[in-house]
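Undergrad: Have a look at this prediction, sequence included:
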Amino acid sequence: MSNIRYNNEDYPLSPVPIRLLYISVSKFEGDWHSHLHSHQCTELFYVLSGKGEFQVDELRFPVVPGDMVTINPNVQHTETGIKNSPMEYIVLGVEGAEFLLDDNDESRFCTFACGAAGVEILRILRKILAELKEKRQHPGIIARNLLENPCVKLLRHRLVSLERQPTSKRASLE
């Protein structure tokens, strides 16, 4: 009999200091009147389909399916779709950390073209949605553990760093 043992003692219990506040699926259908707003939490957007545009303060940039956008707390932003190709996205509100690009001075937001990793990220986001929708026992624990997976993968590839943020009492739901 052979046995190879790997100890887990050297790894922190939770390397990502985040807490999931909410997750939703939105589709721009012309009835969304886009206006700049902010939240006390970080928002992570994953574009599912269509085309759209994000605005962060005065800066505008396009997004397409497979893109991920993170907006850090208290940053004015909005998202809009294109009428002939309505944008659909999943958005998560998280508290406890900001996402910062390692090779950039930008501290308000990050954008990623997920490429092949998008398939796995989307699978995880759908599992989070299912956990919270089905309301089985302790769905928040499962959802947080699922959310940590793509965050750790981004950290592993040194695309982003996480900066701990104090948790707020409540997040804006505008």
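TA: Sure, I can see it.

Undergrad: roughly how far out does stretch 71-90 sit from the chain middle?
TA: Centroid displacement of stretch 71-90 relative to its chain, using Cα atoms, centre = their mean, to the nearest Å, is 13 Å.

Undergrad: Quick one: end-to-end length of it, please.
TA: Counting by Cα to Cα, to the nearest Å, you get 13 Å between the two ends of stretch 71-90.

Undergrad: just use 26 as the starting number from now, easier for me
TA: Understood, numbering begins at 26; the last thing we discussed is stretch 96-115.

Undergrad: Report the beta-bridge partner residues of Val50.
TA: Beta-bridge pairing for Val50 (DSSP bridges): Ile115.

Undergrad: no wait, Phe70
TA: On the basis of DSSP bridges, Phe70 takes part in beta bridges with Val94, Val116.

Undergrad: contacting residues for it?
TA: By Cβ atoms under 8 Å, 6 or more residues apart in numbering, the residues touching Phe70 are Phe79, Val88, Met93, Val94, Thr95, Ile96, Glu104, Tyr114, Ile115, Val116. Bear in mind the C-beta positions are built from the backbone N, C-alpha and C, glycine included.

Undergrad: these two touch, right, the fifth one and Phe124?
TA: Yes - using Cβ atoms under 8 Å as the test, Thr95 is close enough to Phe124 to be in contact (4.2 Å).

Undergrad: Leu154 in helix, strand or coil?
TA: Assigned state for Leu154: helix (three-state reduction, DSSP: H, G, I helix; E, B strand; the rest coil).

Undergrad: Check Ala168 too.
TA: helix.

Undergrad: Compute the distance between the residue lying closest to it once chain neighbours are set aside and His62, please.
TA: In space, Ala168 comes closest to Ile153 once its chain neighbours are excluded; the distance is 4.7 Å by Cβ to Cβ, 6 or more residues apart in numbering. As for Ile153, its distance to His62 is 23 Å (criterion: Cβ to Cβ, to the nearest Å).

Undergrad: Thanks a lot, catch you later.
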